[in-house]
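In: Mind looking at a prediction? Sequence and model below.
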Amino acid sequence: MSAPDHDEPAGPGRHHPRRRRRGWLQRLVIFGGIMSSLALAASAGTFGYVYRKAEKIPRVELSSVLEDAPEASGEPQNYLIVGVDNADGLPVDDPVRNDRDSQMLNDVVMVLRIDPSERKAELLSLPRDLWVPYGDTGDHARINTAISRGNGRPDVLIALMRDYLGIPIHHYVQLEFAGFRDLVAAIDGVPVYFPYPARDRNSGLSILQTGCVTLDPVQALAYARARHYDELIDGEWVRDPRSDLGRIARQQDFIRRALDRAASKGARNPGTLDRLLDVALSSVTIDDALTTGDIFDLAQRFRQFDPDSLKTYTVPVERTFKGAADVVLLQEAAAEPTLARFRGDPEPEDTDDSGGDDDVNDIAPASVRLTVRNGSGAQGQASEAADGLTGAGFIVVGRGEEPGFGVQRTTIRYPAGSRPAAELVSRWLVAGAELEELPEGSVEVGDGGVVLVTGTDWAGVSAEPATSLGPDDPPAMPGDPVTTTSTTSTSLGGSSTSSTTSTTVPPDC
């Protein structure tokens, strides 16, 4: 059973019936697009013009609830990015109105952690159905009611981030719901890879092609909204059981693609830059402490930022019911390593108790539990890999797909202490695999101890294992050309799962 796309608000909302609504995901892309626009414009001699435009970005007074920005220039800061879900102002027959009314809900909650000195960015997505405490009253509700509880202001949500998750918020970016199509039109569509035909009858998504498909404005919005995502596999429509968590994974992949598209289109066309800036001016609301000078400084620092290096995370959760409400609960212990990154806590000391090659001889395939994921998008690849490894004696406990696809190098992810098992799996693969240790606290997919993600280099399972990993199959190291890291979580039937994935955008996209 999937949760509906709306909730009863806990308090009155604030509406703007005369203002055209624009999609929350569009705002995030525009927020990145305006960074590129400002940096490029400054170098092109039009600084004054763009600066005056940027000063007109709407602001909301939040100095009393936000954390003070670090005194040292270049220190990491957290931006709370909120997508406000509201269908006001849309045509009555617009598919976006499906299952929606005029309630004010923070449908999307993300924390963007920016480290200017290191030129790094990390993005944490929180499920809209996350069951959270509000204050010390014992009252609990979904996180997406926080804006309503604040009478249309983010004060309650900012306090929730601080008091419940321990994440300090230095800046705020508020986005509204519809109008996504304008941005997609401005950048001539967004290419997305589809291994199977896909649909979502609630959002209006209908993709009959496979491979790299450039989504037009209508289908791009439908894709970004899809929570009831079906794929046509072997002649049958198969529902993604992850619901909102699956949507998060697709949205994070879409963000990278759209940011890359906006940057490339804007860099080549000054008119596109100006259109992106105009869209931002009419769409984004920021806190009053974020000055135009701050934005320009950030733009200059991130001028060469590669969207594929954006690291994305979710938190491990467990699905349950609270009365009639279909919700997810935070798995607090497993979530700590991820939350610590966004708090700025020191990295834990590395303790390597994973063993080495000699330990592989002490284990057998029958003792290794595997989850297999299709990472390349080639039809039937997960099933082929799972069947081959089952035939070799491994215990395959799950098979599925890697969000975003486009994985080039087959990768084996393993928790601390399971490196020998990962090495054994790699030895059975014709082309070998990269080995990647999961962050401490991750909860394995499908209760499998090792996760195999097939890539475009997949060549099948060998009849016999190789005697060693060999020089062509070293473990993944910092700086290797796998640039996109994503921690995703899934909740099925009361169990929680979490994984870290490394992907690259397919060349043809």
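Out: Everything's here; your move.
In: Quick check: residue 373 vs residue 222, distance?
Out: To residue 222, residue 373 is 25 Å away according to CB to CB, to the nearest Å. From N, CA and C alone the C-beta is placed, and that goes for glycine too.
In: more neighbours, those two?
Out: A direct count of neighbours by other CB atoms under 10 Å for residue 373 and residue 222 places residue 373 higher, at 26 against 23.
In: who does the host helix or strand of the more buried one pair up with?
Out: Using DSSP states H and E, residue 373 sits in strand 369-374. Paired with strand 369-374 in the same sheet, following DSSP bridges, are strand 395-401 (parallel), strand 450-454 (parallel).
In: Beyond it, next helix or strand please.
Out: helix 381-391.
In: what about the helices in the protein?
Out: Under the criterion DSSP state H, the chain carries helices at the ranges 24-43, 47-54, 146-149, 155-163, 180-186, 217-225, 244-268, 270-281, 292-301, 332-343, 381-391, 419-427.
In: still on that earlier bit, dump the strand holding residue 373 to PDB, restricted to CA.
Out: This file holds the C-alpha atoms of strand 369-374, laid out as PDB (Å, rounded to 0.1, in the frame of the first residue of the first chain):
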ATOM      1  CA  ARG A 369      24.700 -13.800   0.600                       C
ATOM      2  CA  LEU A 370      24.300 -11.500  -2.500                       C
ATOM      3  CA  THR A 371      22.000  -8.900  -3.800                       C
ATOM      4  CA  VAL A 372      22.300  -8.300  -7.500                       C
ATOM      5  CA  ARG A 373      21.500  -5.000  -9.200                       C
ATOM      6  CA  ASN A 374      21.400  -4.100 -12.900                       C
END
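In: what does it rub up against?
Out: The contact list for strand 369-374, computed with CB atoms under 8 Å, 6 or more residues apart in numbering, reads 195, 381-382, 385-386, 389, 394-402, 405, 425, 444-454.
In: Please name the residues that touch residue 79.
Out: 111-114, 169-173.
In: Let's see that with 6 Å instead.
Out: 112, 171, 173 (CB atoms under 6 Å, 6 or more residues apart in numbering).
In: For the nearest residue to the last one once chain neighbours are set aside, grab the count of nearby residues.
Out: Spatial nearest neighbour of residue 173, excluding adjacent residues (CB to CB, 6 or more residues apart in numbering): residue 81 at 4.7 Å. Residue 81 is surrounded by 23 other residues when neighbours are defined as other CB under 10 Å.
In: now residue 81, which residues is it bridged with?
Out: Going by DSSP bridges, residue 81 forms beta bridges with residue 110, residue 173.
In: Which pLDDT value belongs to it?
Out: Residue 81 is assigned 89 on the pLDDT scale.
In: same check, this time on residue 469
Out: pLDDT, read off for residue 469, is 60.
In: now do residue 179
Out: At residue 179, pLDDT is 51.
In: Break the protein down into its structural domains.
Out: 24-182+244-314, 188-239, 357-503 (automatic domain parsing).
In: Residue ranges in the stretch 401-509 of the chain under the pLDDT threshold?
Out: 440-448, 468-509 (pLDDT under 70).
In: For the domains of the chain, give me a markdown table that also has distance to residue 337.
Out: What follows is the domains of the chain, written out as a markdown table (distance: least, CB to CB, whole Å):
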| stretch | distance to residue 337 |
| --- | --- |
| domain 24-182+244-314 | 10 |
| domain 188-239 | 27 |
| domain 357-503 | 4 |
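In: Can you check which of the ones you listed gets nearest to residue 336?
Out: In terms of CB to CB, the element of the domains of the chain nearest to residue 336 is domain 357-503, at 5.7 Å.
In: List only buried entries from the contacts of strand 369-374.
Out: Buried subset of those (neighbour count, 16 or more other CB atoms under 10 Å): 195, 381-382, 385-386, 389, 394, 396-402, 405, 425, 444-446, 448-454.
In: Excluding covalently adjacent residues, which one is nearest to residue 197?
Out: residue 232 (4.1 Å).
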